[in-house]
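Asks: Whatever this is, show me its structure:
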Amino acid sequence: MDSARSASARARAVTVLLGPAFVAAIAYVDPGNVASNISAGAEFGYLLVWVIVMANVMAGLVQFLSAKLGLVTGMSLPEAVRSRSSRSVRLAYWGQAETVAMATDLAEVVGGAIALHLLFDLPLLVGGMITGVVSMGLLMVQDRGGQRPFERVITGLLAIIAIGFLASVVIAPPSVTGTLGGMVPRFDGTESVLLAAAMIGATVMPHAVYLHSGLARDRHGNPEVGPHRVRLLRATRIDVGLAMVLAGAVNLAMLLMAAHTLRGRDNVDTIEGAHAAVGDALGPMAALLLAIALLASGLASTSVGAYAGAMIMQGLLRRKIPLVARRVVTLIPALAILAAGVDPTRALIVSQVVLSFGIPFALIPLVRLTSNRVLMGADVNHRVTTALAWLVAGIITLLNIALIYLTITGA
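Replies: This is a model prediction of the structure:
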């Protein structure tokens with residue numbers, strides 16, 4: 001009886017420490033994921049299942065390293081980069097990080113606008129404005145209430161996203177044989193490489209790598225070497241593991257739903273077309289849940305993205321801009337895209353490719369810093385961990401090189 005109570009107490013103690021990874025995980029189920037995964041499933045069926053699985057495993061490793069850096073050093077990744085860079089390098093690094101942040105914001109605001117159009121037939125520009133305003137409200141929760149209330153709100157939205165996308169797979173289970181066959185790594189032409197790069201860019205997202213180090217530090221502080229730090233790192237592994245399993249399941253559900261329900265149908269190369277096809281194939285309830293999940297995704301992810309952008313600027317330039325003011329500034333490019341009438345689904349996919357090119361700039365410093373014994377002490381990466389982390393960075397870089405080559409040659 002005592003052992004059972006002790007185990008229960010330990011479980012509750014660990015649960016209290018969970019949260020930062022679930023905020024970071026919003027980046028892995030944002031509207032960019034929806035566009036990339038649905039496009040991949042509708043066009044190539046189960047072919048790119050392996051990309052989802054690989055990207056999620058890589059994301060788990062990367063997010064743990066980011067959180068560990070924040071806990072052990074007391075610095076966010078942008079702060080750690082600043083401490084080891086010259087002024088010119090910091091400015092250039094900040095420039096590419098801001099470009100990636102703008103691409104992130106584009107995907108998230110456009111996704112929210114599409115969802116509001118599907119739900120209420122609002123014009124995309126109006127939906128984008130509403131998404132921006134609501135995200136400001138979510139940021140004010142963090143600004144005034146602190147990180148814990150913000151974590152609870154974002155985790156609640158994550159639950160809505162999960163229910164919305166997993167429902168379609170439950171209603172119409174995909175082919176087990178097709179799913180297992182999709183685990184074999186392969187491509188089918190330039191477009192499949194483009195989509196694979198977009199899927200990885202939407203999963204291993206640079207701003208989530210920067211953000212998680214600061215979230216873990218702000219939540220848990222900078223504990224001294226000893227049992228408390230060991231306990232926090234153990235809880236962080238659990239936090240990251242659970243968050244990545246949930247995000248991976250949602251991403252896989254998007255692709256499997258499209259592969260099973262949308263493959264071979266006409267006019268499903270946009271989110272609007274996919275939504276209509278889901279309604280025809282699975283019924284209005286499935287289509288409604290998909291639209292609600294997309295809206296929750298847009299609202300949560302754009303708030304988290306603005307939070308990450310503020311942390312990047314503060315860490316690299318030591319300049320702090322109020323979150324709401326930053327939200328207004330970063331909203332402008334997304335609204336301009338919507339006002340220009342650019343195809344929103346294509347804009348989402350291209351934004352994810354831009355994100356994938358920013359990944360090495362986040363991963364390489366992260367691996368180098370967490371492999372530095374002087375900086376990390378006893379919590380430095382194990383050699384195997386370092387090797388795996390470099391492999392992740394290498395795979396992503398090679399995929400992008402292949403994307404450039406195939407696009408230029410038209411292969």
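
Asks: Would you mind listing where this structure has pLDDT under the threshold?
Replies: Low-confidence segments of the chain (pLDDT under 70): 1-17, 201-202, 349, 352-353, 400, 402-411.

Asks: Please repeat the previous calculation with a cut-off of 50.
Replies: Scanning the chain for pLDDT under 50 picks out the ranges 7-9, 11, 13.

Asks: Show residues contacting stretch 239-248.
Replies: Outside stretch 239-248, the residues that touch it by Cβ atoms under 8 Å, 6 or more residues apart in numbering are 17-22, 24-25, 28-29, 52-53, 56, 59-60, 63-64, 67, 158, 162, 203. The C-beta positions use only the backbone N, C-alpha and C, and glycine is treated the same way.

Asks: Let me fix that, I meant to ask about stretch 126-143.
Replies: Against stretch 126-143 from outside (Cβ under 8 Å, 6+ apart): 108-110, 112-117, 122, 149-150, 153-154, 298-300, 302-303, 306-307, 322-324, 327-328, 331, 334-335, 338.

Asks: Same question for stretch 218-229.
Replies: With Cβ under 8 Å, 6+ apart as the test, stretch 218-229 has contacts from 17, 19-20, 71-74, 147-148, 232, 377-379.

Asks: most neighbours, which of those residues?
Replies: residue 20 (29 neighbours; other Cβ atoms under 10 Å).

Asks: Not counting its neighbours along the chain, what's nearest it?
Replies: residue 215 (3.8 Å; Cβ to Cβ, 6 or more residues apart in numbering).

Asks: burial of residue 204, as a residue count?
Replies: 29.

Asks: What of the one 10 residues further on?
Replies: The local packing count at residue 214 equals 27, with neighbours defined by other Cβ under 10 Å.

Asks: for the one 3 residues further on, same thing?
Replies: Close neighbours of residue 217, defined as other Cβ under 10 Å, add up to 22.

Asks: Also residue 228?
Replies: 12.

Asks: secondary structure element for it?
Replies: helix 227-257 (DSSP states H and E).

Asks: chain center to that helix: distance?
Replies: Between the mean C-alpha location of helix 227-257 and the chain-wide mean there is a distance of 12 Å, by Cα atoms, centre = their mean, to the nearest Å.

Asks: what do you get for stretch 282-292?
Replies: Mean-position distance between stretch 282-292 and its chain equals 23 Å (Cα atoms, centre = their mean).

Asks: got it, and stretch 379-399?
Replies: 19 Å.

Asks: Give me the contact list for that stretch.
Replies: With Cβ under 8 Å, 6+ apart, stretch 379-399 has contacts from 54, 58, 61-62, 65, 68, 72, 193, 196-197, 200, 204, 229, 233, 356, 359-360, 363-364, 366-367, 370-373.

Asks: quick one: the strands in the stretch 251-400 of the chain?
Replies: Counting by DSSP state E, counting those that start in this stretch, the stretch 251-400 of the chain has no strands at all.

Asks: How many neighbouring residues does residue 280 have?
Replies: Neighbours of residue 280 using other Cβ under 10 Å come to 12.

Asks: Apologies, that question was intended for residue 135.
Replies: So residue 135, with other Cβ under 10 Å, has 29 neighbours.

Asks: In what element of secondary structure is it found?
Replies: Residue 135 belongs to helix 124-145, assigned by DSSP H and E.

Asks: in that helix, what counts as buried?
Replies: Residues of helix 124-145 classed as buried by neighbour count (16 or more other Cβ atoms under 10 Å): 124-125, 127-132, 134-136, 138-139, 141-142.

Asks: Can you tell me which of those is closest to residue 276?
Replies: Nearest to residue 276 among these, counting by Cβ to Cβ, is residue 124 at 16.3 Å.

Asks: Check the contact between that closest one and residue 111; I expect there is one.
Replies: No. Using Cβ atoms under 8 Å, residue 124 makes no contact with residue 111, being 10.8 Å away.

Asks: just to revisit the earlier point, the contacts of stretch 126-143 in helices, which ones?
Replies: In this view, the contacts of stretch 126-143 that belong to helices under DSSP state H are 108-110, 112-117, 149-150, 153-154, 298-300, 302-303, 306-307, 323-324, 327-328, 331, 334-335, 338.

Asks: hang on, the earlier thing: please save the CA atoms from the helix holding residue 135 in PDB.
Replies: What follows is helix 124-145, C-alpha atoms only, in PDB (Å, rounded to 0.1, in the frame of the first residue of the first chain):
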ATOM      1  CA  LEU A 124      -9.700  35.200 -46.000                       C
ATOM      2  CA  LEU A 125      -8.400  38.700 -45.200                       C
ATOM      3  CA  VAL A 126     -11.100  39.100 -42.500                       C
ATOM      4  CA  GLY A 127     -10.300  35.700 -41.100                       C
ATOM      5  CA  GLY A 128      -6.600  36.600 -41.000                       C
ATOM      6  CA  MET A 129      -7.400  39.700 -39.000                       C
ATOM      7  CA  ILE A 130      -9.600  37.800 -36.600                       C
ATOM      8  CA  THR A 131      -6.800  35.200 -36.200                       C
ATOM      9  CA  GLY A 132      -4.400  38.000 -35.400                       C
ATOM     10  CA  VAL A 133      -6.600  39.600 -32.800                       C
ATOM     11  CA  VAL A 134      -7.400  36.300 -31.000                       C
ATOM     12  CA  SER A 135      -3.700  35.400 -30.900                       C
ATOM     13  CA  MET A 136      -3.100  38.800 -29.300                       C
ATOM     14  CA  GLY A 137      -5.500  37.800 -26.600                       C
ATOM     15  CA  LEU A 138      -3.700  34.500 -26.000                       C
ATOM     16  CA  LEU A 139      -0.400  36.300 -25.800                       C
ATOM     17  CA  MET A 140      -1.800  38.600 -23.200                       C
ATOM     18  CA  VAL A 141      -2.600  35.500 -21.100                       C
ATOM     19  CA  GLN A 142       1.200  34.800 -21.100                       C
ATOM     20  CA  ASP A 143       2.200  38.400 -20.600                       C
ATOM     21  CA  ARG A 144      -0.100  39.000 -17.600                       C
ATOM     22  CA  GLY A 145      -0.700  35.600 -16.200                       C
END
